[in-house]
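**Q** just a sequence and a predicted model for now, questions to come.
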Amino acid sequence: MSAPALVACAALIVVAALTVWCTTRVRRLHRLHVRVDAARAGLGMALDRRVAVALRVADVLGPPGNRRVRAAATALAAGPALAPDGRDPAGSREARETAENVLTRQLAAVDPAGLPGGLAAELADAQQLVVLARRVHNDAVRDTRVLRSRRLVRWLRLHGSAPEPVYFEIADPEPPVAPGDADVESWRHPTAM
């Protein structure tokens, strides 16, 4: 084989390898964006469920707690929803995060012992579901942003026109601690030996 033929063959191999690499990255990015969209939808449902449970909790509470929890839950119900495509029109994500933090603080002040058993368990379940959904969403966002930050992915704009996903940052509600739960080893409740 002549030298020009070897150079052409090597160039063809490089182009084929780059094409295969780009195709796999585009497919991976697409799957990650679909994962972020699904996680965002799940987070939205978990947050909406917590608002519904908070309104039911407000119905059971006495006058001072009733007004605060109801006001926080009603503000969320009437406020901006999570944008389905991940964009943040006019700061709606920040407004939603702030309102969710207000509701979290108001629900943390509620004594679960003062609620009927089924409602207390439903509130704890709704709170934990929000924590889990937010973590799943933020993990999906992190994975997508890591891949989008790779040099060749940025240079070749393999992400297309998909918006860069954003984290949803709210304070996690503290789980209620029952007397029997104190022996679980964790950084919040170390086991006494």
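**A** Right, received. Where do you want to start? Numbers count the residues shown, from 1 in each chain.
**Q** all strands of this protein, in order?
**A** For the chain, applying DSSP state E gives no strands.
**Q** name the residues of the helix or strand bottoming out on mean pLDDT in it that come out as buried.
**A** The least trusted helix or strand in the chain, going by mean pLDDT, DSSP states H and E, turns out to be helix 63-78, with a mean of 81. By neighbour count on 16 or more other C-beta atoms under 10 Å, the buried set for helix 63-78 is 65, 68-70, 72-73, 76. For the C-beta atoms, the positions are set from N, CA and C on the backbone; glycine is no exception.
**Q** any idea of the mean pLDDT for the lengthiest helix in the chain?
**A** Identified as the longest helix of the chain according to DSSP state H is helix 3-60. Here helix 3-60 scores 90 as its mean pLDDT.
**Q** next one: that helix to chain centre, how far?
**A** Chain-centre distance of helix 3-60: 15 Å, with C-alpha atoms, centre = their mean, to the nearest Å.
**Q** what is that helix packed up against?
**A** In terms of contacts (3 or more C-beta pairs under 8 Å, 6 or more residues apart in numbering; DSSP states H and E), helix 3-60 is packed against helix 63-78, helix 92-108, helix 117-148, helix 151-155.
**Q** so which of the ones you listed gets nearest Ala41?
**A** For Ala41, the closest of the helices and strands packed on helix 3-60 is helix 117-148, at 9.4 Å, according to C-beta to C-beta.
**Q** other SSEs contacting that closest one?
**A** Contact here means 3+ C-beta pairs under 8 Å, 6+ apart; on that basis helix 117-148 packs against helix 3-60.
**Q** so the helix it packs on versus helix 63-78, what angle?
**A** Going by axes from the mean of the first three to the mean of the last three C-alpha atoms, to 10 degrees, helix 3-60 is angled at 140 degrees with respect to helix 63-78.
**Q** now do helix 3-60 against helix 92-108, angle only.
**A** Angle, helix 3-60 to helix 92-108, by the same axes, to 10 degrees: 40 degrees.
**Q** one step back: need the buried residues of helix 63-78 in CSV (columns: distance to Pro112).
**A** Output for those, formatted as CSV (distance: C-beta to C-beta, whole Å):
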residue, distance to Pro112
Gly65, 12
Arg68, 16
Val69, 13
Arg70, 18
Ala72, 17
Ala73, 17
Leu76, 21
